[in-house]
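Peer 1: Just to be clear, the model below is a prediction. Sequence and coordinates:
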There are 2 protein chains.
Amino acid sequence: MPKSTFFNLPEEKREKIMESAIDEFAQYSYQKGSINRIVERAEIAKGSFYQYFEDKKDLFKYILEKSGEEKMVYLTHIIGDLDKLDFFHTIRELYIGGIRFGQEHPKLAAIADRFMKDADQQLMEEMFGDSKGKSQMVFQGLLLKGIERGEVDPKIDVELVAMLIASMSLSISEHFLKEKNTGNLMDMMEVLDKMLYVIEHGIKVKKEGEKND
Amino acid sequence: MPKSTFFNLPEEKREKIMESAIDEFAQYSYQKGSINRIVERAEIAKGSFYQYFEDKKDLFKYILEKSGEEKMVYLTHIIGDLDKLDFFHTIRELYIGGIRFGQEHPKLAAIADRFMKDADQQLMEEMFGDSKGKSQMVFQGLLLKGIERGEVDPKIDVELVAMLIASMSLSISEHFLKEKNTGNLMDMMEVLDKMLYVIEHGIKVKKEGEKND
DNA sequence: AAAAAATGTGACCAGTTAGTCATATGACTC
DNA sequence: GAGTCATATGACTAACTGGTCACATTTTTT
């Protein structure tokens, strides 16, 4: 957590610092992001930075937390309605929420994605405290519920599939972030639905007598 | 490519250098791997290193190339028999080859995997010259052939699915590398087959009248 | 106004990095 | 033995890094 001095700062200054930091970590990774550049861009003295934050990790953690909170805004209505939709529609809604978050906060999305991709397990644990990724845990819970309800194939290995879906999610986010020029919602939805189709049905050719939606 | 001086070196020395470098990059990433530590472990002078290699990139590229060649040894017999097996058995064989390579050359596998995961697109292109990952291209080719043969669902988006499979492959390799303590072939095969099952059939519960292998 | 507490500052530290270069070594040729 | 040439060396450079600290300034309290 930032020190109290940071929260005592006038809002303008505080936001300038946050913006500088977010710009920095959106451009560079956590590792390569430079405190020197951040304080330069924020026009504060190096020493001041260390009056506001414990260290680099403290700052980055705070950004991730804020980013997580912001993302939650896009997802809570889905989590609330968890029983109204089946597994596949639930994760579809979750992805759509994620895409909207990414469109409205591209830098935050880029920072979080890059961190998920780059960070080694040790760093992840230092930042979050939980060993397995949060999203993987969410998927795992949803899968179990989906199996109970008879929507998801009970033969699958829940943990493994959660991992696979989490990894696909990451690569699809990366894909979206990379092509932000053509990042219109329609195209994204199309890609999303194609991905969900694969998760639902697999890619093996369907024999006669099998149904489709 | 390393300079001619490197290849003129007595084999013993050459291998000591390669081993030091491989150890270094297996432990640290390309970015964080240190030439200083490499020359120290290899017991050569810093200046000597730069008599053998143009720079850090030159060395790393050479390791990746050698690693790629070595991995090919484990895959060529499959590429040769490409028409004997259907799509799903082909990629299964490819994965098994990959697993065996990883078991016999864990450091090389770790280096390549980490690089695939970490490297930004720019660096990838500097190293390989091709924009899309090699494995993704292989999957794409296999998918197209699989569709032609009526094994793979023609409704899928080939490029997207190739990307998804490539990303799953990476995360499964990572999974295997992480648990090298329990890394016995039997367990790995089980996980592999579970993953392939998902790719084949998806995770939606099967209605009556649908078949399974 | 004086004292005290809080905040701001940037030179500085010890550490790292990739890469260079003048010089030394030693092997081979004439 | 002199001359030549490829190779070996490690001190050195310049550029960074995250983090510290003695001091200056401002704000608050007495």
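Peer 2: Cool, got the structure.
Peer 1: Need phi/psi at the nearest residue to residue A:86 once chain neighbours are set aside.
Peer 2: What sits nearest to residue A:86 in space, not counting adjacent residues and going by C-beta to C-beta, 6 or more residues apart in numbering or on different chains, is residue A:151, at 4.9 Å. The C-beta positions use only the backbone N, C-alpha and C, and glycine is treated the same way. For residue A:151, the backbone dihedrals (degrees, to the nearest 10) come out as phi -100, psi -30.
Peer 1: ok, now residue A:198?
Peer 2: phi -60, psi -40.
Peer 1: What is the neighbour count of it?
Peer 2: 23 (other C-beta atoms under 10 Å in any protein chain shown).
Peer 1: now check the one helix or strand in chain A whose mean pLDDT sits lowest, is it near chain B?
Peer 2: One helix or strand of chain A scores below all others by mean pLDDT, DSSP states H and E: helix A:121-128, with a mean of 86. Yes. Contact of helix A:121-128 with chain B (C-beta under 8 Å from any C-beta of the partner chain) involves residue A:121.
Peer 1: That helix packs against which elements?
Peer 2: Helix A:121-128 sits against helix A:56-80, with contacts defined as 3 or more C-beta pairs under 8 Å, 6 or more residues apart in numbering or on different chains; DSSP states H and E.
Peer 1: Quick check: residue A:52 touching residue A:5?
Peer 2: Yes. Assessed by C-beta atoms under 8 Å, residue A:52 is found in contact with residue A:5 at 5.7 Å.
Peer 1: Between these two, which has more neighbouring residues?
Peer 2: residue A:52 (22 against 11).
Peer 1: So the more buried one versus residue A:107, what's the distance?
Peer 2: Remark: distance between residue A:52 and residue A:107 (C-beta to C-beta, to the nearest Å) = 20 Å.
Peer 1: Please apply the same query to residue A:98.
Peer 2: 15 Å.
Peer 1: With neighbour numbers in mind, choose between the two.
Peer 2: A direct count of neighbours by other C-beta under 10 Å for residue A:98 and residue A:107 places residue A:98 higher, at 20 against 17.
Peer 1: Pretty sure that one sits against residue A:176.
Peer 2: No. Residue A:98 lies out of contact with residue A:176 (C-beta under 8 Å); the separation is 9.2 Å.
Peer 1: Would you mark the buried spots in stretch A:76-87?
Peer 2: Using 16 or more other C-beta atoms under 10 Å in any protein chain shown as the test for burial, stretch A:76-87 gives A:78, A:86, A:87.
Peer 1: Stretch A:102-119 now?
Peer 2: A:102-103, A:105, A:107-116, A:118-119.
Peer 1: Then stretch A:17-28?
Peer 2: Buried residues in stretch A:17-28, counted by 16+ other C-beta under 10 Å: A:17, A:18, A:20, A:21, A:22, A:23, A:24, A:25, A:26.
Peer 1: could you dump it to CSV, C-alpha only?
Peer 2: Once non-C-alpha atoms are left out, stretch A:17-28 reads as follows in CSV (Å, rounded to 0.1, in the frame of the first residue of the first chain):
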residue,chain,number,x,y,z
ILE,A,17,1.9,10.4,-10.6
MET,A,18,-0.5,7.5,-11.3
GLU,A,19,-0.8,8.5,-14.9
SER,A,20,3.0,8.6,-15.3
ALA,A,21,3.4,5.3,-13.7
ILE,A,22,0.6,3.7,-15.8
ASP,A,23,2.1,5.1,-18.9
GLU,A,24,5.5,3.7,-18.0
PHE,A,25,4.3,0.2,-17.2
ALA,A,26,2.0,0.1,-20.2
GLN,A,27,5.1,0.8,-22.3
TYR,A,28,7.6,-1.3,-20.4
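Peer 1: Pull the residues that contact that stretch.
Peer 2: Outside stretch A:17-28, the residues that touch it by C-beta atoms under 8 Å, 6 or more residues apart in numbering or on different chains are A:6, A:9, A:33-34, A:37-39, A:41-42, A:44, A:49, A:52, A:59-60, A:63, A:66, A:106-108, A:110-111.
Peer 1: Among those, which ones are in strands?
Peer 2: Per DSSP state E, strands hold no members of the contacts of stretch A:17-28.
Peer 1: The residues you listed: which ones sit near DNA strand D?
Peer 2: A:33, A:34, A:37 (C-beta under 7 Å from any atom of the strand).
Peer 1: re earlier: what's the closest of the buried residues of stretch A:76-87 to DNA strand D?
Peer 2: residue A:78 (36.7 Å; C-beta to the nearest atom of the strand).
Peer 1: which ones are touching that closest one?
Peer 2: Residues in contact with residue A:78 (C-beta under 8 Å, 6+ apart) are A:85, A:90, A:93, A:94, A:97.
Peer 1: In a markdown table, list those residues along with secondary structure.
Peer 2: Listed next are the contacts of residue A:78 as a markdown table, based on DSSP: H, G, I helix; E, B strand; the rest coil:
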| residue | secondary structure |
| --- | --- |
| A:85 | coil |
| A:90 | helix |
| A:93 | helix |
| A:94 | helix |
| A:97 | helix |
